[in-house]
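*Asks:* sequence-free structure coming up:
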Ligand SMILES: NC(=O)c1ccc[n+]([C@@H]2O[C@H](COP(=O)([O-])OP(=O)(O)OC[C@H]3O[C@@H](n4cnc5c(N)ncnc54)[C@H](OP(=O)(O)O)[C@@H]3O)[C@@H](O)[C@H]2O)c1
């Protein structure tokens with residue numbers, strides 16, 4: 001049975017990704033930061049599938065914890081087939097209220113985290129002789145900018161760079177790709193003002209935000225043999241931009 005590691009796999013997009021992999025009989029290793037209740041709820045909802053589910057409370061930006069995570073998974077499962085760097089945060093504020101501390105917190109989770117997992121778990125996969133890495137990026141990394149999220153936007157642009165660099169480093173053993181998502185209906189956007197949401201929806205050809213499952217299906221596809229020739233790509237999934 002194959003094993004997937006999904007950082008931030010206990011809610012939002014990560015949970016939807018976990019569900020698709022569960023449907024395809026994967027063992028799931030789902031990390032989270034604080035919210036144990038959501039983690040346990042996700043485990044409960046996915047328990048009836050065939051694979052094992054391991055919840056790990058672990059900060060993805062903590063090097064020792066990433067090393068420990070890898071050590072534990074190596075003991076528990078025969079292989080690590082897919083790594084999905086999904087954990088991500090945004091702290092939207094006016095430019096005036098942006099602080100260096102918040103900027104660093106965002107970079108730690110959104111960029112240093114994927115660097116650490118891609119380094120340690122990626123090296124393990126490389127030695128193992130197979131594996132896939134999929135990074136969850138954003139259209140904010142390419143051509144969509146907001147001063148309220150300039151730190152987040154920069155972190156995701158960095159993640160695209162990491163994607164291309166690790167694709168080079170691990171070629172031809174590991175395919176490394178990113179999915180650059182547009183707006184998704186998740187908790188990350190729960191406090192969004194209605195007027196802002198309506199304005200954003202008016203820019204999308206499909207006239208709505210994505211459901212998490214619509215992104216999760218693309219992520220799963222990238223992990224399949226059918227996607228074997230997709231490598232070093234940033235794949236945009238945003239419902240189409242009205243121009
Ligand atoms: N929502 C959107 O519109 C949108 C658009 C484009 C891209 N994305 C990207 O999609 C990904 C998932 O976003 P989402 O909307 O599903 O977010 P979410 O609902 O807020 O879930 C984030 C998950 O990441 C975990 N997490 C946060 N910081 C962590 C850390 N340092 N270490 C380990 N886990 C951590 C959270 O754990 P806790 O529950 O314990 O806090 C939670 O499980 C992110 O990378 C985000 O940037 C989202």
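*Replies:* Thanks, I have the structure now. As the structure is a computational prediction, the values presented were derived from the model and not from experiment.
*Asks:* From here on, just use CA atoms for contacts and neighbour counts.
*Replies:* Noted.
*Asks:* For residue 119, pull up the helix or strand it's in.
*Replies:* Using DSSP states H and E, residue 119 sits within helix 113-128.
*Asks:* Parallel or antiparallel, list what pairs with the helix or strand that comes right after that helix.
*Replies:* Sequence order places strand 132-138 as the next helix or strand after helix 113-128, per DSSP H and E. Here strand 132-138 is paired, per DSSP bridges, with strand 82-85 (parallel), strand 175-181 (parallel).
*Asks:* any chance of those strands in TSV, plus distance to the ligand and mean neighbour count?
*Replies:* Converted to TSV, those look like this (distance: least, CA to the nearest ligand atom, whole Å; neighbours: other CA atoms under 10 Å):
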stretch	distance to the ligand	mean neighbour count
strand 82-85	7	27
strand 175-181	4	26
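*Asks:* so can I have CSV of the ones you listed showing mean pLDDT?
*Replies:* Formatted as CSV, the strands paired with strand 132-138 follow (pLDDT from 0 to 100):
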stretch, mean pLDDT
strand 82-85, 98
strand 175-181, 98
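*Asks:* Of all those strands, which one is nearest residue 167?
*Replies:* strand 175-181 (4.9 Å; CA to CA).
*Asks:* buried ones in the helix or strand following the closest one?
*Replies:* Next helix or strand after strand 175-181 toward the C-terminus (DSSP H and E): helix 194-201. Residues of helix 194-201 classed as buried: residue 201 (neighbour count, 16 or more other CA atoms under 10 Å).
*Asks:* Do any residues in stretch 38-48 lie close to the ligand?
*Replies:* No. Under the criterion of CA under 6 Å from any ligand atom, the ligand is not reached by stretch 38-48; the shortest gap measures 6.6 Å.
*Asks:* before we move on, back to that, for the helix holding residue 119, name the packing helices and strands.
*Replies:* helix 63-76, strand 82-85, strand 132-138, helix 150-170 (3 or more CA pairs under 8 Å, 6 or more residues apart in numbering; DSSP states H and E).
*Asks:* ok so, going back, residue 163: which of the strands paired with strand 132-138 is closest?
*Replies:* strand 175-181 (6.0 Å).
*Asks:* Within range of the ligand, give me the residues from the protein.
*Replies:* 7-14, 31-35, 58-61, 86-89, 109, 136-138, 181-189.
*Asks:* From those, list the buried ones, please.
*Replies:* 7-14, 31-32, 58-61, 86-89, 109, 136-138, 181-184.
*Asks:* To which secondary structure element type does the spatially most distant residue from the centre of the chain belong?
*Replies:* Here the chain reaches farthest from its C-alpha mean at residue 96, the gap being 29.0 Å by CA atoms, centre = their mean. Following DSSP: H, G, I helix; E, B strand; the rest coil, we place residue 96 in the helix state.
*Asks:* try the one 10 residues further on
*Replies:* When the structure is split into helix, strand and coil by three-state DSSP, residue 106 lands in helix.
*Asks:* Please identify which helix or strand holds the nearest residue to residue 53 once chain neighbours are set aside.
*Replies:* Counting by CA to CA, 6 or more residues apart in numbering, the nearest residue to residue 53 once its immediate chain neighbours are dropped is residue 28, at 4.8 Å. Counting by DSSP H and E, the element that carries residue 28 is strand 27-32.
*Asks:* Report all helices and strands that that strand contacts.
*Replies:* strand 3-6, helix 12-23, strand 53-57.
*Asks:* Ok, which of these comes nearest residue 78?
*Replies:* Minimum separation from residue 78 across the helices and strands packed on strand 27-32 (CA to CA) falls at strand 3-6, 8.4 Å.
*Asks:* What does the pLDDT read for the residue most central in space within the chain?
*Replies:* With distances taken as CA atoms, centre = their mean, residue 86 lies nearest the centre of the chain, 1.5 Å away. Per-residue confidence at residue 86 stands at 98 (pLDDT).
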